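**Student:** I need the structure of the sequence given here:
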Amino acid sequence: MQDNATEVTAAGIARLAGVGRAAVSNWRRRHADFPKPVGGTETSPSFALAEVEAWLRKQGKLAEVPLRERVWQQLVGHPEGPVAALTHAGCVLLLIHDRPTVWLDVSAGSDERLAAMLPGALEEVLTPRFGPVVPVNSRRAVNSGRVVNGGLAVNSGRPVTSGRPVNAAHAPHAADSGHDRVNTPAALSAERVNTPATAHTDRVNTPATAHTDRVNTSATDAPVNTGTRPAVHLPTGPELLPSAPLLRSTAELAAELGARQTFEFLLGRHLDANPRQYTLTPADLAGLMADLAGPARTVLDPACGTGALLRAVTTRPDQELYAQDSAPELAALTALRLALHTRAVVHGATGDTLRADAHPQLHADAVLCHPPFNERNWGHDELAYDPRWEYGFPARTESELAWVQHALARLRDGGTAVLLMPPAAASRRSGRRIRADLLRRGALRAVVALPVGAAPPYNIPLHLWVLRRPEKAPAQPEVLLADTGQFAADGRGGPDWRDVREAVLDAWHAFDRAGTLEERPGLARSLPVIDLLDDDVDLAPARHLPPPTAADGAEQLTAVRERLGETLRLTADLTPAPADAAHPARWPLTTIGELARGGALVMRTGGNGGHARVPVLTDHDVLAGTAPSGTLPESDEEAVLVEPGDVVVPVLGGGSVARVIDDATGGAALGRNLVLLRPERTALDPWFLAGFLRGTANNRQASSYASTATRLDVRRLQLPRLPLDEQRRYGARFRALDEFERALRRAGRLGEQLVRGMYDGLTDGTVAPD
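**Tutor:** You can find the predicted model right below:
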C-alpha cells in the first residue's frame, strides 16, 4: 500500500515523468483533476506521491523510473524528513542483513501489521549488535540514575535544530561533531544516557550540571554520564507506520544491491544533496590514517560524523568500535552504517565529547579523529581542571590541542592516535608549551604535511599528527617530520594518493622500527626533540626539511619551455575558423529519457568499486579533462566500466560538461556523481550527443537548484532529431572544439609549471638571472 503521507515536489514529479518542470506547471493549469498540493509553500508546493503516481499512470505519463530513484523520492518526501526515513531504512536493512527470513515474515500483510511487528523484530537484531535498546520515550532512556545497558539506541531522525534549547554555557558547538560533521548547531538535552563500554563504567550527571557534576549511585548501579545518550533508539510502531512504503521499497532495492550497498547508496545520495551541511573526510585520507594507526582491536573516533575513519579500520576478530558525535542524526546513521559494514561490536553515543565524554574509562588500542578546527566554544571555562590535560591546559584558541590530549587520554599505554590537524596548530605560539611537553615525553611521534586539496578546507595543506601514549619516558626521543606537498595534483582532482600513501607509510614504518630515519631530501627526516625545543617549538615540516636536489632544474625548465612552445603552436592550428552566421534552427527535439526508453542509448550511474581494483574516473577528472585519479571502496556490486565512445556527464556543480571516453580512459570505473550514456552507434553519434549536451540553455532547463547546490537531471537534457549523417557533421565540429579545449588546458598547465619553476629556480639559486 502506498503511503499518502509521502510527498513529492514539482521537480520530483518531473523526474518521475521524465519531463521538465515547465511541463508539470502546464499540467497543473490545464488538467482540473491534477492532484492538489498537500504541503510546502505557495511558490514550492508538495504533492502526495501516491496521488501523483495514480494521475500519471491514468494519463499514460508515468515513466519507467529506476527503483533507486523511486526509493530516493520516497525517502526525501518522508513526512518526518529524510534523516528519520534514512534511520528507519537503516534499521530495516540491518534486519534484512542479519535475519532476512524474519523480515519476510513481518513484511507479509498490511502496513499496519508491519509497523506493529517490526519493533520486536528490530530489537532482536539491534540488541546483539549494540546491546539492549529501548524506545526513545521510555523512562529507561532518560536520566534515572540507573544503569542503562544500551550500546545503541536509534534517534528519531528529526533535524537537530528542532531540539529543546539549552543554556549556552552547556550547549555543544556546531562543529563539535568533527569530521563528516553537520555544520548546523545541535541543541543537546540535559537528560541523556551514555552508551556503556564493555568492561567499563560511565557516570551519571545531574540534569542541571551536565558537564562536570556527578551523582553518586548505589553499589549495584554503575554510574552513567548524562552528558551523552545512545546514538539510536528503538523505533516504535507509530513511528514506523509512515515509513512502511519506504521500507518495502528499500527491501526490494536491497534484494538487487545488497543491504550494505543499499544503505551506502541512500546515505551517499543524502550527503550529495546537502554538500555544505556536512564536512566529509575523503576515503583515501581515512585509509591512510587507519594504516598509520595500525591493526587494533578497540578503536575510538570521538568526532565520528558519518563514520569514514572507523569504516577504514582493518577488521579483525572480537573488534570493538567506539563512536561519539554531538549531532544526533550523524551518530545514529554512523552506528547503523558501521553495523552493516562490519561484525564488530559498535558502541555509539550522542554528546559533546570534550564536555561530556561517553567513554571516560576507555583505554583503546587506537584513536582516529578529524576534529573541528578553530573552535572557541570548546569548553575552556568549564574544563580548567579536567584530568585529561596531562600536557598542559589548552588556551581558548587551541581547541585542537584539547582534542589531541583527549585522544591520548583514551589510549592504552603504547596505543596510537592519528588526528587530522590544521597547519597552524604546529606553530601557534599559544600552543608551544603543550607541543614542547608532547615532544619531551615522547607522545608526539610524527607530523606529516599533506598536499593541498587532501581534505576540506581544500585550499590549505593540512597536517596529520601521529601520537603514542608513552609506556615510559624515552631517553633521547626523535620525531618524524614529512612533507608530501610535491604530490599535489594540477586542477581539482586532489593529490596523487597512491604516491602520498607510499611515501608516508614507508617513512613512518622505517622510523617506527628504528626510532630514527635517514634524511630524504624534500620528503622526510627525523629530528632529535632537543633541536625543536626553542622559543617557538615550530613543528611545521617545511621549515625543517632540506630542499629536494635541484641538479637538473635548468634542464627540466628548458624541456617544459619546449613542450609549451609545441602546445601553443598546436593551439594556434586548432583555433576554430571564423563562424558563419546562420538563422536559428527549429529542430524537433527529444530528451535523453525518451532516447533511453526507446533503446537508442543506455544510462548508467557510477559509485560502485566492485572487486577489481581499477582506476576510477571522478567528476573532478571529467571537469578538468584529466586521467582517472580516484578510488572507490570494494563492493559486491560490479563497477560500471567506461568504454571508448561512451559519454560521461557530471550531475553536480552547474557546469555544462560532457566527456567522450577515449581509448586511454576506457576500462576505468565510473565514479560517483557521474552518469554514463552509451549510445547505439547506428542511431546516435557520440560527439554529436556530447556536443549538444554542453549547451548552456540545455543545461539550465534540465537543472534543479537548491539553496547550496545545482543538480543536473540528465534525462531532461534535450537533443535535436537529426539524421545520422547530419549528426556526424556536427560531431566532427564538436570533436575539433574538444581538441582545441584540451590543447588550451595543456598549455595552461605547462605555463603554470614553467612560471612556478622559474620563480623557484631564481629564488633558490639554481637558475641564473640572465
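**Student:** then residue 402 would be within a helix, right?
**Tutor:** Yes. Counting by DSSP: H, G, I helix; E, B strand; the rest coil, residue 402 is found in a helix.
**Student:** help me confirm that it comes into contact with residue 354.
**Tutor:** Yes. Contact criterion C-beta atoms under 8 Å: residue 402 and residue 354 qualify, at 5.9 Å. All C-beta atoms are positioned from the backbone trio N, CA, C, and that covers glycine.
**Student:** common neighbours of these two, please.
**Tutor:** 378-379, 383 (C-beta atoms under 8 Å, 6 or more residues apart in numbering).
**Student:** let's have the residues you listed in TSV, adding distance to residue 626, neighbour count and secondary structure.
**Tutor:** TSV is the format used below for those (distance: C-beta to C-beta, whole Å; neighbours: other C-beta atoms under 10 Å; DSSP: H, G, I helix; E, B strand; the rest coil):
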residue	distance to residue 626	neighbour count	secondary structure
378	39	27	coil
379	44	25	coil
383	47	18	coil
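**Student:** quick one: the residues you listed as JSON lines, columns for pLDDT and distance to residue 587 too.
**Tutor:** Rendered in JSON lines, the data for the shared contacts of residue 402 and residue 354 read as follows (pLDDT from 0 to 100; distance: C-beta to C-beta, whole Å):
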{"residue": "378", "pLDDT": "95", "distance to residue 587": "61"}
{"residue": "379", "pLDDT": "94", "distance to residue 587": "64"}
{"residue": "383", "pLDDT": "95", "distance to residue 587": "68"}
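**Student:** confirm that residue 323 sits in a helix.
**Tutor:** No. The assignment for residue 323 by three-state DSSP gives strand, which leaves it out of any helix.
**Student:** count the residues that sit near the spatially closest residue to residue 295 that is not a sequence neighbour.
**Tutor:** Once flanking residues are discounted, residue 295 sits nearest to residue 314: 5.9 Å by C-beta to C-beta, 6 or more residues apart in numbering. For residue 314, the neighbour count with other C-beta atoms under 10 Å is 13.
**Student:** circling back to that earlier point, who's more crowded, residue 402 and residue 354?
**Tutor:** The neighbour comparison of residue 402 against residue 354 (other C-beta under 10 Å) goes to residue 354, with 29 against 25.
**Student:** and the nearest residue to the more buried one once chain neighbours are set aside, how close does it get to residue 393?
**Tutor:** In space, residue 354 comes closest to residue 379 once its chain neighbours are excluded; the distance is 4.9 Å by C-beta to C-beta, 6+ apart. Distance, residue 379 to residue 393, using C-beta to C-beta, to the nearest Å: 12 Å.
**Student:** over to residue 306?
**Tutor:** Taking C-beta to C-beta, one finds residue 306 at 32 Å from residue 393.
**Student:** how about residue 443?
**Tutor:** As judged by C-beta to C-beta, residue 443 and residue 393 stand 16 Å apart.
**Student:** out of those two, which sits in the busier spot?
**Tutor:** Higher neighbour count among residue 443 and residue 393: residue 443, with 22 against 17, using other C-beta under 10 Å.
**Student:** sketch out the low-pLDDT regions of the stretch 501-650 of the chain for me.
**Tutor:** 547-553, 609-613, 633-636 (pLDDT under 70).
**Student:** now do the strands in it.
**Tutor:** Here the stretch 501-650 of the chain has its strands, by DSSP state E, counting those that start in this stretch, at 524-528, 589-591, 601-605, 616-617, 647-650.
**Student:** what pairs with the last one, parallel or antiparallel?
**Tutor:** The pairing partners recorded for strand 647-650 under DSSP bridges are strand 659-660 (antiparallel), strand 674-679 (antiparallel).
**Student:** how about these in a markdown table, adding distance to residue 457, mean neighbour count and mean pLDDT?
**Tutor:** Output for the strands paired with strand 647-650, formatted as a markdown table (distance: least, C-beta to C-beta, whole Å; neighbours: other C-beta atoms under 10 Å; pLDDT from 0 to 100):
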| stretch | distance to residue 457 | mean neighbour count | mean pLDDT |
| --- | --- | --- | --- |
| strand 659-660 | 28 | 20 | 94 |
| strand 674-679 | 24 | 22 | 94 |
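**Student:** tell me which of those sits nearest to residue 737.
**Tutor:** Residue 737 lies closest, by C-beta to C-beta, to one member of the strands paired with strand 647-650: strand 659-660, at 11.6 Å.
**Student:** can you name the element that comes right after the closest one?
**Tutor:** strand 669-670 (DSSP states H and E).
**Student:** what sits against residue 485?
**Tutor:** Going by C-beta under 8 Å, 6+ apart, residue 485 touches 449-452, 461, 542.
**Student:** neighbour-wise, which of these leads?
**Tutor:** Highest neighbour count within these, by other C-beta under 10 Å: residue 450, with 26 neighbours.
**Student:** isn't it right up against residue 461?
**Tutor:** Yes. Using C-beta under 8 Å, residue 450 is in contact with residue 461, at 5.7 Å.
**Student:** in a strand, that's where residue 448 is, yeah?
**Tutor:** Yes. Counting by three-state DSSP, residue 448 is located in a strand.
**Student:** quickly note the distance from it to residue 503.
**Tutor:** 9 Å.
**Student:** shared neighbours of those two, anything?
**Tutor:** By C-beta under 8 Å, 6+ apart, the residues touching both residue 448 and residue 503 are 482, 484.
**Student:** between the two, who's got more neighbours?
**Tutor:** Set residue 448 next to residue 503 and count neighbours by other C-beta under 10 Å: residue 448 wins out with 25 against 20.
**Student:** can you pull up the bridge partners for that one?
**Tutor:** residue 464, residue 482.
**Student:** any stretches of the stretch 101-250 of the chain with poor pLDDT?
**Tutor:** Looking at the stretch 101-250 of the chain by pLDDT under 70, you get 132-228.
**Student:** which strands and helices lie in contact with the lengthiest helix in the chain?
**Tutor:** The helix spanning the most residues in the chain, taking DSSP state H as the definition, is helix 724-764. Under the contact definition 3 or more C-beta pairs under 8 Å, 6 or more residues apart in numbering; DSSP states H and E, helix 724-764 sits against helix 553-574, helix 686-693.
**Student:** show me what the last one is packed up against.
**Tutor:** The criterion is 3+ C-beta pairs under 8 Å, 6+ apart, and the helices and strands that helix 686-693 contacts are strand 647-650, strand 659-660, strand 674-679, strand 718-720, helix 724-764.
**Student:** make JSON lines out of those and add distance to residue 575.
**Tutor:** Putting the helices and strands packed on helix 686-693 into JSON lines (distance: least, C-beta to C-beta, whole Å) gives the following:
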{"stretch": "strand 647-650", "distance to residue 575": "25"}
{"stretch": "strand 659-660", "distance to residue 575": "21"}
{"stretch": "strand 674-679", "distance to residue 575": "29"}
{"stretch": "strand 718-720", "distance to residue 575": "26"}
{"stretch": "helix 724-764", "distance to residue 575": "7"}
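**Student:** which one, of those, ends up nearest to residue 478?
**Tutor:** Short answer: helix 724-764, nearest of these by C-beta to C-beta, at 27.2 Å.
**Student:** any idea how far the closest one is from the middle of the chain?
**Tutor:** Computed by C-alpha atoms, centre = their mean, to the nearest Å, the separation of helix 724-764 from the middle of its chain amounts to 31 Å.
**Student:** circling back to that earlier point, which of the helices and strands packed on helix 724-764 sits most buried?
**Tutor:** Counting by mean count of other C-beta atoms under 10 Å, helix 686-693 has the highest mean neighbour count of these, with a mean of 24.
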